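Chemist: Using only what follows, build the 3D model:
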Amino acid sequence: MPAEDTVHDVVADTLSVHADVLEVEARKHALRRGVRARRGERDERAAADVDTAVARVLVSSPLLAGARRVAAYSSLPGEPGTRTLLAELRRHDVEVLLPARLPDDDLDWSLRPARPHAPGPLGVHAISSVDLVVVPALAVDTAGRRLGQGGGSYDRALRRVPARVPVVAVVHDEELLDAAVSPLPTLPHDRLVQAVVTPTRWLWLSA
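Modeler: Got it, this is the predicted structure:
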C-alpha cells in the first residue's frame, strides 16, 4: 500500500504541475493577444519618432559602454523600432549580429551588414561572443520577466549568453510593468532580462 500511495502521489503531483503549466500558458496567451491588439492600434505616424527615441535612450545609456559586438534584431511592425539603433551601432563601429530563425525555431546569427569575404551564418553559439544582447518583447516586468512571442527561440538562445553579459529588452512604455502589481507569468525555462529600454528611459531590473 505505501508503494501504491507513492505512485498515486507522483501521478497527482505530475497532474498538478501540468495543470499549473497550462494555466500559465493560458495567461501568457491572453496577455500576448492583448498586447498585439494594442500594438495594432498604435499610430503608425509616430513609429519613426519611437524608433529614433529608442536609439537615443540606448546609445546614451551605460548599457553600451565598452561594447564591441552586440546581438540585436530588426524590429517588426508594431514593435518599438530598431532601425535607427542598428544604424547608430554601426556608426559607432560596433559589430552587430542579427538572428535568423532555423527550422527548429532556434536562432542562427550573422554579421550585418555582411563584410567582404566575411563568413556566412556564424551558428547558434555566436551569441556567446557578444558584449550586449538586445531582444524584442511584448512586455517586461521590473523583476526581469519577459513576455515573448511564444516560440521559445530567445529562451533557447539566451541560455548561451554568459552571465556577465546584460540582456536588454525593448518595449513601449506601457509594456513595462511593475512586478509588485502586475507580475508576468513565467515558467522555469523562461529567461530573465537584466535591463529594459523604452522610448523614454532605460532601467536596470532586479533580475
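Chemist: What segments of the chain are helices?
Modeler: Using DSSP state H, the helices found in the chain span residues 2-40, 47-59, 83-91, 153-158.
Chemist: Name the stretch from those where average model confidence is lowest.
Modeler: Mean pLDDT values for the helices of the chain show the minimum at helix 2-40, a mean of 72.
Chemist: Can you lay out the helices of the chain as a markdown table showing mean neighbour count and distance to residue 102?
Modeler: For glycine as for every other residue, the C-beta is placed from the backbone atoms N, C-alpha and C. Shown next, in a markdown table, are the helices of the chain (neighbours: other Cβ atoms under 10 Å; distance: least, Cβ to Cβ, whole Å):
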| stretch | mean neighbour count | distance to residue 102 |
| --- | --- | --- |
| helix 2-40 | 11 | 22 |
| helix 47-59 | 19 | 27 |
| helix 83-91 | 17 | 22 |
| helix 153-158 | 19 | 9 |
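Chemist: what sits against the spatially closest residue to residue 98 that is not a sequence neighbour?
Modeler: Excluding the flanking residues, the one nearest residue 98 by Cβ to Cβ, 6 or more residues apart in numbering is residue 112, at 4.5 Å. Listed by Cβ atoms under 8 Å, 6 or more residues apart in numbering, the contact partners of residue 112 are 86, 96, 97, 98.
Chemist: Residue 180 versus the spatially closest residue to residue 52 that is not a sequence neighbour, what's the distance?
Modeler: The shortest distance from residue 52 to any non-neighbouring residue, by Cβ to Cβ, 6+ apart, is to residue 84 (5.2 Å). Applying Cβ to Cβ, to the nearest Å, the value for residue 84 to residue 180 is 33 Å.
Chemist: swap in residue 157?
Modeler: Distance from residue 157 to residue 180, counting by Cβ to Cβ: 29 Å.
Chemist: Just the residues contacting the longest strand along the chain, thanks.
Modeler: Secondary structure assigned by DSSP state E gives strand 95-101 as the longest strand of the chain. Outside strand 95-101, the residues that touch it by Cβ under 8 Å, 6+ apart are 68-74, 86, 89-90, 107-112, 121-122, 126-127, 130, 151, 153, 157.
Chemist: let's see 10 Å
Modeler: With contact meaning Cβ atoms under 10 Å, 6 or more residues apart in numbering, strand 95-101 is reached by 67-74, 82, 85-87, 89-90, 106-113, 115, 121-122, 124, 126-127, 129-131, 133-136, 151, 153-154, 157.
Chemist: swap in stretch 43-59?
Modeler: Stretch 43-59 is contacted by residues 42, 63-64, 70, 72, 75, 77-89, 91-92, 94, 132, 134, 168, 170-173, 195, 197-202 when judged by Cβ under 10 Å, 6+ apart.
Chemist: how about a cut-off of 6 Å?
Modeler: Residues outside stretch 43-59 that contact it (Cβ atoms under 6 Å, 6 or more residues apart in numbering): 80, 81, 83, 84, 85, 88, 197, 199, 202.
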